[in-house]
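# sequence and predicted structure are below.
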Amino acid sequence: MSTTGTNSEALEATAETAALAASLEAVRALPADFVKRHRVLPLKISDGTLHIASAVPGNQRVIDDIRLLTGLEVEETAAPESEIAEKIAGHYQVSVEKMIEKLGPGEGTNGEAKNLHDIEVMANEPTVVNLVNVIISTAIRERASDIHFVPFENFLQLRYRVDGLLQEKPPPPKNLHAALVSRIKIMADMNIAERYMPQDGHIQIHHRGSRVDIRVGTMPTIYGESLVMRLLEKGSKVPTTEELGLDPQRSALLSRLVEKPHGLFLTTGPTGSGKTTTLYSVLQSIYTPELKIITIEDPVEYELPGIAQIPVRASRNFTFATGLRAILRQDPDVVMVGEIRDSETADIAIRAALTGHQVFSTLHTNDSTGAVTRLIDMGVEAFLISSALEGVLAQRLVRKICPHCRVENPVTPAVRDQIEALGGRKIEGRFFRGTGCEECRDTGYRGRIGIFELLPVTTELRELILQKRSNAELKATAQKTMMTMHQDALHKAASGMTTLEEILRVSSGDLLE
């Protein structure tokens with residue numbers, strides 16, 4: 001039965017409550033080009049009727065065409081065009097799995113390329129071009145941060161990193177390896193003739209109205225070149241500190257620390273823990289037209305309006321240290337250094353903080369107090385650190401439980417004992433897990449959130465730093481007033497944001513000391 005005569009108010013009311021869940025049977029009933037052209041999504045088939053969601057309901061010609069194509073009656077509801085487009089992309093867009101399945105194990109080329117000319121020809125074949133495009137677009141759609149190609153003797157491994165973990169995908173045919181790598185090199189303006197030395201490149205594409213920057217890196221292995229693509233969506237909104245996972249109390253403390261007129265503030269943690277994103281959030285929160293803010297980064301991950309951002313160019317000897325010296329001659333109020341990697345950069349950053357500049361940077365340490373000992377190890381004098389350092393925010397990222405399949409989960413004795421043994425305290429509260437669903441691709445997790453410890457450098461701590469006390473002594477003093485990452489992690493698990501198993505996976509015990 002058609003709803004052509006249904007009034008628009010009823011359709012709008014239906015749209016607010018309709019869940020756009022499309023069954024496989026319904027999806028197969030209409031061809032992809034038809035649903036994309038007419039902006040309709042088949043939802044389900046029941047009692048001889050095809051239920052559809054439409055962005056422009058009430059078009060009798062479209063309804064008649066669907067009847068002819070399917071032999072079914074049509075029941076129509078309204079839905080936002082953006083939601084319909086997203087669901088159509090998910091159900092009808094060509095996937096890596098489908099394309100590789102069509103190629104088969106030995107199709108697509110006439111065998112492994114033997115020389116540069118063969119590789120160039122293969123890299124521009126429609127099969128290879130389309131496969132690379134599908135691999136990239138699928139990775140973006142699945143919220144992947146990285147794409148990994150690793151060659152082995154008899155197969156080519158393809159993996160996406162989603163929410164911090166690698167997920168293996170169906171492997172492309174091994175005989176396409178050289179062609180796939182060469183195609184990506186061509187897109188990244190890299191030298192396809194050089195296969196025995198590491199290379200770096202850059203691709204910029206547009207996907208659904210937003211710009212995506214892709215960093216490409218290759219590395220020679222015994223079975224050919226391994227390749228990694230890092231995906232950075234430039235249109236992404238910089239999250240606030242609350243969205244990152246800081247509670248209101250520590251968010252307020254962070255604001256007080258970063259709004260000081262001068263001094264050094266650091267974020268610490270392992271690679272991929274979100275340190276730079278946190279600094280972007282801080283810069284965004286303090287920006288006013290009265291402040292001149294300059295950053296030097298490797299690479300520039302987000303573009304911040306009103307802030308001058310400078311990329312490191314190591315190939316031209318433009319490093320963090322040389323860039324920071326030049327920045328200080330530009331009369332900045334606030335400086336962000338993407339990472340303190342060496343003693344020269346550390347010394348310049350510290351002295352800049354002592355001469356009236358507000359300096360932000362990152363370090364690779366496991367906890368907040370470890371930043372002090374790392375700077376001392378780099379050769380920075382303890383009295384300079386004691387005078388300049390205002391605060392340290394240590395962090396990790398944990399996966400969030402998927403809200404669509406979250407259920408309460410009793411804590412097993414093994415997990416309880418493991419956490420209590422590491423943390424030295426009993427765990428209390430209700431805990432949850434994700435059962436796995438279509439929204440989270442059966443992982444039980446969707447997205448990530450930070451766990452933090454925020455260390456303000458107090459008068460007592462400055463005295464201990466000046467005396468070059470050990471990290472253990474600094475930590476013992478800091479923990480009298482500071483919420484540790486262990487405590488923050490348990491709080492987020494008890495609040496239903498993450499799982500105890502995820503905390504154990506991320507920490508490996510070191511943040512639970």
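Noted; the coordinates are in hand.
# remind me which residues of the protein are low pLDDT?
Low-confidence segments of the chain (pLDDT under 70): 1-19, 92-125, 209, 235-236, 422-426, 508-513.
# where is the longest helix in it?
helix 126-141 (DSSP state H).
# and that helix, what does it pack onto?
On a contact count with 3 or more Cβ pairs under 8 Å, 6 or more residues apart in numbering; DSSP states H and E, helix 126-141 meets helix 96-103, strand 144-151, helix 177-187, strand 199-207, strand 224-233. From N, CA and C alone the C-beta is placed, and that goes for glycine too.
# what comes up buried for that helix?
The neighbour-count check on helix 126-141 (16 or more other Cβ atoms under 10 Å) flags 127-128, 131-132, 134-140 as buried.
# let me have these in CSV, extended by distance to residue 435.
Formatted as CSV, the buried residues of helix 126-141 follow (distance: Cβ to Cβ, whole Å):
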residue, distance to residue 435
127, 39
128, 39
131, 34
132, 35
134, 30
135, 29
136, 31
137, 29
138, 25
139, 25
140, 26
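# what about the nearest residue to residue 239 once chain neighbours are set aside, distance to residue 240?
Counting by Cβ to Cβ, 6 or more residues apart in numbering, the nearest residue to residue 239 once its immediate chain neighbours are dropped is residue 281, at 5.8 Å. From residue 281 across to residue 240, the span is 6 Å (Cβ to Cβ, to the nearest Å).
# looking at these two, which is more packed in?
More neighbours surround residue 281 than the other of residue 281 and residue 240, with 21 against 12 (other Cβ atoms under 10 Å).
# surely that one is in a strand?
No. Residue assignment for residue 281, taken from DSSP: H, G, I helix; E, B strand; the rest coil, gives helix, which places it outside any strand.
# quick one: contacts for it?
Residues touching residue 281, when contacts are defined by Cβ atoms under 8 Å, 6 or more residues apart in numbering, comprise 238-241, 244.
# these in helices, which ones?
In helices, defined here by DSSP H, the members of these are 241, 244.
# measure the residue nearest to residue 239 to residue 319 for me?
For residue 281 relative to residue 319 (Cβ to Cβ), the value is 26 Å.
# phi first, then psi, for residue 488.
Note on residue 488: backbone dihedrals following degrees, to the nearest 10 are phi -70, psi -40.
# ok, the one 3 residues further on next?
Backbone torsions for residue 491, taken as degrees, to the nearest 10, come to phi -60, psi -40.
# how deep is residue 420 tucked in, by neighbour count?
13.
# so it sits in a helix?
Yes. Inclusion of residue 420 in a helix is indicated when three-state DSSP is applied.
# on that earlier part again, can you pull the alpha-carbon coordinates of the longest helix of the chain into PDB?
In PDB, the C-alpha atoms belonging to helix 126-141 read as follows (Å, rounded to 0.1, in the frame of the first residue of the first chain):
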ATOM      1  CA  PRO A 126      41.500   0.400 -13.900                       C
ATOM      2  CA  THR A 127      41.500  -2.700 -11.600                       C
ATOM      3  CA  VAL A 128      44.400  -1.400  -9.500                       C
ATOM      4  CA  VAL A 129      43.100   2.200  -9.500                       C
ATOM      5  CA  ASN A 130      39.600   1.200  -8.400                       C
ATOM      6  CA  LEU A 131      40.900  -1.200  -5.700                       C
ATOM      7  CA  VAL A 132      43.100   1.500  -4.200                       C
ATOM      8  CA  ASN A 133      40.200   4.000  -4.200                       C
ATOM      9  CA  VAL A 134      37.900   1.400  -2.600                       C
ATOM     10  CA  ILE A 135      40.500   0.500   0.100                       C
ATOM     11  CA  ILE A 136      40.900   4.200   1.100                       C
ATOM     12  CA  SER A 137      37.200   5.100   1.000                       C
ATOM     13  CA  THR A 138      36.300   2.000   3.000                       C
ATOM     14  CA  ALA A 139      39.000   2.900   5.600                       C
ATOM     15  CA  ILE A 140      37.500   6.400   6.000                       C
ATOM     16  CA  ARG A 141      34.000   5.000   6.300                       C
END
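# sticking with residue 360, tell me its helix or strand.
Remark: residue 360 resides in strand 358-363, with elements defined by DSSP states H and E.
# now the residue nearest in space to the middle of the chain. Nearest residue, chain neighbours left out?
The residue lying closest to the centre of the chain (Cα atoms, centre = their mean) is residue 145, at 4.9 Å. Here the nearest residue to residue 145 in space, its sequence neighbours aside, is residue 161; by Cβ to Cβ, 6+ apart that works out to 5.1 Å.
# now swap in residue 428 and tell me
Leaving out its chain neighbours, the residue that sits closest to residue 428 by Cβ to Cβ, 6+ apart is residue 494, at 7.2 Å.
# contacting residues around the one you found?
Residue 494 makes contacts with 427-431, as judged by Cβ under 8 Å, 6+ apart.
# restricted to strands, list those.
Residues from the contacts of residue 494 lying in strands, with DSSP state E as the criterion: none.
# now, the most widely separated pair of those residues?
Longest distance between any two of the contacts of residue 494 is 11.0 Å, between 427 and 430; criterion Cβ to Cβ.
# neighbouring strands for the helix or strand that contains residue 393, and are they parallel or not?
Element membership for residue 393 (DSSP H and E) is strand 389-401. Partner strands and pairing direction for strand 389-401 (DSSP bridges) are strand 263-268 (parallel), strand 445-456 (antiparallel).
# on that earlier part again, tell me who's in contact with the residue nearest to the centre of the chain.
Applying Cβ under 8 Å, 6+ apart to residue 145 gives the contacts 161-162, 164, 230-231.
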